[in-house]
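# sharing a model that was predicted from the sequence below.
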Amino acid sequence: MTGKSDAAPLVVLAASARALAESLRRAGLPGQGMPLLAVDAFGDDDLMAAVDAWQALPLQHLARPDRVLAAVDAALQRVGSGAAASVVIGGGFDGANDVLHALAARFRLLNAPPSAWAAARDPLLFSRLGIDAPETQMHPPSNRRGWLQKHAGSSAGLGVNPAAAARPALTDGASPDIGHAAAYWQRRAHGIPVSLLFCAHADGIIAVGINRQWCSPAPGLPFRFGGIASSFDPGAMARQQLVAAAGRAAASIGLRGLCSLDAVLERGGRVRALEINPRPTASVELYDRAAPGLMRLHTAAVLGHSLPDWAPAPGSGALALVRAPCDLHAGPRPRGCSDWREGAPVAAGEPLCTVHAEGPDARDAMARVMASAGRLRHRLRAAAAVAAPDAEAFFYNAPDTSSRSVPRRDHA
C-alpha cells in the first residue's frame, strides 16, 4: 500500500495470530477503511488472506520488548499509517511483563491491563482468593511423588512436568517473579481438563461457554495441548463453581475482555482451578465461527462501552492440532484444516495444521475432530513411506531441512 493512511489500524499480536485475526474479521473489526495487521511467527495462508499486512516475529523474540515493538512498527509501516494504533494480544506473551508494559506505553491495548496479566500468573492467586485449587507451593516438596513442577510463564502445557522427573529450575525457591519464569510446585489433580471462556467487564463476567480439553503427550511434554471442544456440559454444580471462581478472580485482579479459567473436573463434580489466561484463547473461534461477533463483546468490555448482545449457537465445535510425523515441506492444503502454510518446511513433531469439526455436543465434536486428525496423520505417515511422492501428494519429504523448520505453534 502506498501513501499514508489516517485510518487507525488494529494490530493482532500473537505467536500464531490466524484465529484471532479471523474472529476480528467476522466481527467486522477494525471497521471500514481501517487496516487489520498481524504480527506473528508463521504467516499462515489463512492469516495472509485475513489481514492487510503481516510482519514476522520469531518465537525466540516474543519476550524481547525491543524486537516486539520493532515488529509492530514494521507492520504499521507496511500500510503507511499515521494514526494511533490499537493492539490485540493473543497467545505467546503469558509472563512477558516487560513486553506488555512496553506495548501499553506506545499503543492502546485491547486487552486486560499488564497488571492483570502479571497477577493472573501468580501461582498462589487461587489460594489467596479462597478458590478451590490443588495444593501449590513455591519450594520443592520433600517427597515429589504426586507433584508437578510448573513454570509461571508457560502455556499450552509446555512448562508442566512430573516433579520427580523435572530438571531443577534456575529459580527454585525464588519469589514468583513471572518475568523470570519462576518454577513452582503443585499437587497433581486427576480428572477431566476443562476451561471456562468468559468475558470480564466492569460489572462482572459473562460466561461464554465451558470447554473440554485434552492433551497430546510427547517425550518430555506429558501435558502438551492437543485440542479443545466447546459447549461441554460438566453438570450444574461444576458450572456454578467455574463461574464463581472466574468471577472472583476477574474482580480481584482487574481482568477485562475475553479470558479463560483452566481447571480439572474431578469425579463427583468438584472443580479444581489451575490457571487464568488473561487474554482470548483458542476456544474463542469455536464459538465465534458459528456465532460471529464475539470479538465485539471483547472490545466493548475492554473499552468500558455498552456490551452488545451475543449468544452462542447450538451445538459444539472442536479443534485439534496435527503434528508432522517427519521432516517435510507442506504441499497443497488438505481439506478441512487451517494454519497451513504451503511450501513451508516443518520438522518432525512440530504442529503442521489445525483440523476442525462440529457436532451436536462436545463429546460428538471431540470424537469427530480426533477421527479427522487421525485420518490426516494416517495420510501423512503413508505419504512419508513413499520413496517418490507424486505431484498430487500434499507434502514431500524433506529430511535435510529440519534446521529451517516452522517453529512450535502450541500457544492456545
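Structure's in. What do you need?
# in the stretch 51-200 of the chain, where is pLDDT below threshold?
Within the stretch 51-200 of the chain, the stretches with pLDDT under 70 are 82, 152-159, 165-181.
# would you map the strands across it?
Counting by DSSP state E, counting those that start in this stretch, the stretch 51-200 of the chain has strands at residues 53-56, 86-89, 108-109, 136-137, 147-151, 160-162, 183-187, 192-201.
# and the helix or strand following the last one, what does it pack against?
So that's strand 192-201. As assigned by DSSP states H and E, the chain's next helix or strand after strand 192-201 is strand 204-215. Counting contacts by 3 or more CB pairs under 8 Å, 6 or more residues apart in numbering; DSSP states H and E, strand 204-215 is packed against strand 192-201, strand 225-229, helix 236-253, strand 257-265, helix 284-288, helix 362-384. (C-beta placed from N, C-alpha, C; glycine too.)
# turn those into JSON lines, including distance to Arg144.
Output for those, formatted as JSON lines (distance: least, CB to CB, whole Å):
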{"stretch": "strand 192-201", "distance to Arg144": "22"}
{"stretch": "strand 225-229", "distance to Arg144": "24"}
{"stretch": "helix 236-253", "distance to Arg144": "27"}
{"stretch": "strand 257-265", "distance to Arg144": "19"}
{"stretch": "helix 284-288", "distance to Arg144": "36"}
{"stretch": "helix 362-384", "distance to Arg144": "32"}
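# and these: which comes nearest Val346?
helix 362-384 (10.3 Å; CB to CB).
# ok, and what's touching the closest one?
Identification of contacts with helix 362-384 by CB atoms under 8 Å, 6 or more residues apart in numbering yields 211-212, 214, 227, 229-233, 315-322, 324-326, 328, 334, 336-337, 352-353, 355-359, 389, 393-395, 397.
# can you pull the buried residues of that helix?
362, 364-366, 368-370, 372-373, 376-377, 380, 383-384 (16 or more other CB atoms under 10 Å).
# and that helix, how far out from the chain's middle?
21 Å (CA atoms, centre = their mean, to the nearest Å).
# and the contacts of helix 362-384, which are buried?
Judged by 16+ other CB under 10 Å, buried ones among those: 211-212, 227, 229-232, 316-322, 324-326, 328, 334, 337, 352-353, 355-359, 389, 393-395, 397.
# who's in contact with Trp147?
Residues in contact with Trp147 (CB under 8 Å, 6+ apart) are Pro141, Pro162, Ala163, Ala164, Trp185, Gln186, Arg187, Arg188.
# contacting residues for the spatially closest residue to it that is not a sequence neighbour?
Nearest-residue entry for Trp147: Ala163, 3.9 Å, with adjacent residues in sequence omitted and distances by CB to CB, 6 or more residues apart in numbering. Taking CB under 8 Å, 6+ apart as the contact definition, Ala163 lies against Pro140, Pro141, Arg144, Trp147, Leu148, Gln149, Trp185.
# in JSON lines: those residues, plus distance to Gly33.
Formatted as JSON lines, the contacts of Ala163 follow (distance: CB to CB, whole Å):
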{"residue": "Pro140", "distance to Gly33": "56"}
{"residue": "Pro141", "distance to Gly33": "58"}
{"residue": "Arg144", "distance to Gly33": "58"}
{"residue": "Trp147", "distance to Gly33": "54"}
{"residue": "Leu148", "distance to Gly33": "49"}
{"residue": "Gln149", "distance to Gly33": "50"}
{"residue": "Trp185", "distance to Gly33": "52"}
